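> Predicted coordinates and the sequence they were generated for:
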Amino acid sequence: MRSLLELSREYQITKLTTRCEERLLQKQSSVELVVLAQEFSLKRLLEKCLASLGRMNIQDLKNCPGFDNIEADNLVCLLNNHLRWLKEQHAREIRQLREQSLKEKARILEIANELNSCWGYNKLPIRGCACASYTKSCDNCNTVLEKYVKTKCGELIEALQQNL
Ligand SMILES: [Zn+2]
């Protein structure tokens, strides 16, 4: 490919250069391709490579042969792309954390609401006594209420502990 590019540069065969660039655009981006694109002024290839290499670990890139041959301007462009990618990743992580935190909060709120509304509204799972809804003076009702509150508090504590 390099010799073809040299040939087309020497004889100024623009069409051949374009053809070569199109071929190279199909290849996976690499430091090697950046250096080649620089040398033969293949702008589209250069842009594509700098964009996708920006999503790589910089230390890994530094270890690629030819990295030191990347021209200063292109290195700046690569690092800018990398920075933008890091920012996007960071924003995504924050969004996920916020969603997760909202879900946990909703679960806790749900349990607290259940506890808050269990009194006297027939929400207790009362069996084995004649009461239609929670009755203060009934021992059976009070036993059920105590059990219910304990269970819900257990759920609440568990949900809160998950957030620690
Ligand atoms: Zn009862």
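Perfect, I can see it now.

> okay, CA-based contacts and neighbour counts for the rest of this
OK.

> Run through who's touching the worst-scoring helix or strand of the chain on mean pLDDT.
Using mean pLDDT, DSSP states H and E, helix 2-10 stands out as the lowest-scoring helix or strand of the chain, at a mean of 87. Contacts with helix 2-10, where a contact means Cα atoms under 8 Å, 6 or more residues apart in numbering, come from 14, 16, 17, 20, 36, 40.

> okay, those in TSV with secondary structure and pLDDT next?
Shown next, in TSV, are the contacts of helix 2-10 (DSSP: H, G, I helix; E, B strand; the rest coil; pLDDT from 0 to 100):
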residue	secondary structure	pLDDT
14	helix	85
16	helix	88
17	helix	89
20	helix	92
36	helix	95
40	coil	93
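
> Most widely separated two among these?
14 and 36 (16.2 Å; Cα to Cα).

> who's more crowded, those two?
residue 36 (20 against 12; other Cα atoms under 10 Å).

> Now do the contacts for the more buried one.
Counting by Cα under 8 Å, 6+ apart, residue 36 makes contact with residue 2.

> what about stretch 22-33, how long is it end to end?
13 Å (Cα to Cα, to the nearest Å).

> again, but for stretch 17-36
End-to-end for stretch 17-36, by Cα to Cα: 12 Å.

> mind listing what's buried in stretch 26-39?
29, 30, 31, 33, 34, 35, 36, 37, 38 (16 or more other Cα atoms under 10 Å).

> same question, stretch 103-118
Per 16+ other Cα under 10 Å, stretch 103-118 contains these buried residues: 104, 107, 108, 114, 115, 118.

> Would you mind putting the CA coordinates of that stretch into CSV?
Extracted in CSV, the C-alpha atoms of stretch 103-118 (Å, rounded to 0.1, in the frame of the first residue of the first chain):
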residue,chain,number,x,y,z
LYS,A,103,-34.7,3.2,42.3
GLU,A,104,-33.4,2.5,45.8
LYS,A,105,-35.0,5.6,47.2
ALA,A,106,-38.4,4.6,45.6
ARG,A,107,-38.2,1.2,47.2
ILE,A,108,-37.5,2.7,50.6
LEU,A,109,-40.3,5.2,50.2
GLU,A,110,-42.7,2.4,49.2
ILE,A,111,-41.9,0.4,52.5
ALA,A,112,-42.2,3.6,54.6
ASN,A,113,-45.6,4.3,53.0
GLU,A,114,-46.8,0.7,53.7
LEU,A,115,-45.8,1.2,57.3
ASN,A,116,-47.4,4.6,57.5
SER,A,117,-50.8,3.4,56.1
CYS,A,118,-51.1,0.0,57.8
